[in-house]
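Peer 1: What shape does this take:
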Amino acid sequence: AGFDITIVDPRSAFATPERFPTVSAIIKRWPAEALTALDLDEASYVAVLSHDPKLDDPALRTALVSRAKYVGVLGSKRANTQRLERLKEDGLSDDQLARLHAPIGLPLGGRSAAEIAVSILAELVQARHAEGATKALQEQLLTKDVPIAAAVLGRDVRVAVLKGRQNYLCRHALHGFELL
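Peer 2: Numbering: from 1, shown residues only. Just a heads-up that it's a prediction; the model follows:
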């Protein structure tokens, strides 16, 4: 998908070229320290995947206050609720916490590691091309309406949804969501 991938993990057993032969770089440092040094900007996408709060939380604190375009984290909804409480206690604002995509990935229904990886990559591609598409929008569509088709067209996301017995074609542009 054209992403330049950097692995950040202080654990030498996990951060090896044998495990990640196609990445651009492997940084064996604590995530918060490494992410600060990487100077995250609008072209940066951060996926936090360790399942370990002592690694994940500092990485998220750093990423959520950065200019990174995307910040997502692996974990269950319950784990995310606890994580958000911890991050709020650490002083992150509601606006900063709202940037977090959690659980990470589009809800494609996959369960295997490969399927989860595809869902994460799909969400990264969506974030790259559909600047206004947020996790909250996805959840609204998936919990209140039933998406039946979707296409990304330039900076707009066009989604056909089945709502009750009526079909709506909605356009989500950078400044809102409207029925067409």
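Peer 1: Tell me how far S112 lies from D9.
Peer 2: Per CB to CB, to the nearest Å, S112 is found 22 Å from D9. The way it works is simple: take the backbone N, C-alpha and C, and place the C-beta from them, glycine included.
Peer 1: Any buried residues in stretch 88-99, and which?
Peer 2: By 16 or more other CB atoms under 10 Å, the buried positions in stretch 88-99 come out as 92, 96-97, 99.
Peer 1: Distance to K69, secondary structure and pLDDT added to the residues you listed, as TSV?
Peer 2: Putting the buried residues of stretch 88-99 into TSV (distance: CB to CB, whole Å; DSSP: H, G, I helix; E, B strand; the rest coil; pLDDT from 0 to 100) gives the following:
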residue	distance to K69	secondary structure	pLDDT
L92	18	coil	97
Q96	14	helix	97
L97	16	helix	97
R99	10	coil	95
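Peer 1: what bridges to the residue nearest to P17 when sequence neighbours are not counted?
Peer 2: Once flanking residues are discounted, P17 sits nearest to I26: 6.5 Å by CB to CB, 6 or more residues apart in numbering. Under DSSP bridges, the beta-bridge partners of I26 are I7.
Peer 1: so is the residue nearest to the spatial centre of the chain in a helix, a strand, or just coil?
Peer 2: Nearest residue to the geometric centre of the chain (CA atoms, centre = their mean): G72, 3.1 Å. Here G72 takes the strand state, with states given by DSSP: H, G, I helix; E, B strand; the rest coil.
Peer 1: That one touches R99, doesn't it?
Peer 2: No: shown here, G72 and R99 do not form a contact pair, counting by CB atoms under 8 Å, at 9.7 Å.
Peer 1: L108: how many residues sit nearby?
Peer 2: When neighbours are counted by other CB atoms under 10 Å, L108 registers 12.
Peer 1: which one is it nearest to, not counting chain neighbours?
Peer 2: S119 (4.6 Å).
Peer 1: which residue ranges form the strands in the protein?
Peer 2: 6-8, 25-27, 45-48, 70-73, 100-101, 146-153, 156-163, 166-173, 176-179 (DSSP state E).
Peer 1: May I see the buried residues of the second one?
Peer 2: Using 16+ other CB under 10 Å as the test for burial, strand 25-27 gives 26-27.
Peer 1: And that strand, what does it pack against?
Peer 2: When contacts are defined as 3 or more CB pairs under 8 Å, 6 or more residues apart in numbering; DSSP states H and E, strand 25-27 sits against strand 6-8.
Peer 1: List the buried residues for the strand it packs on?
Peer 2: Applying 16+ other CB under 10 Å to strand 6-8 flags 6-8 as buried.
Peer 1: just those now: which is nearest S44?
Peer 2: Closest approach to S44 among those (CB to CB): T6, at 9.5 Å.
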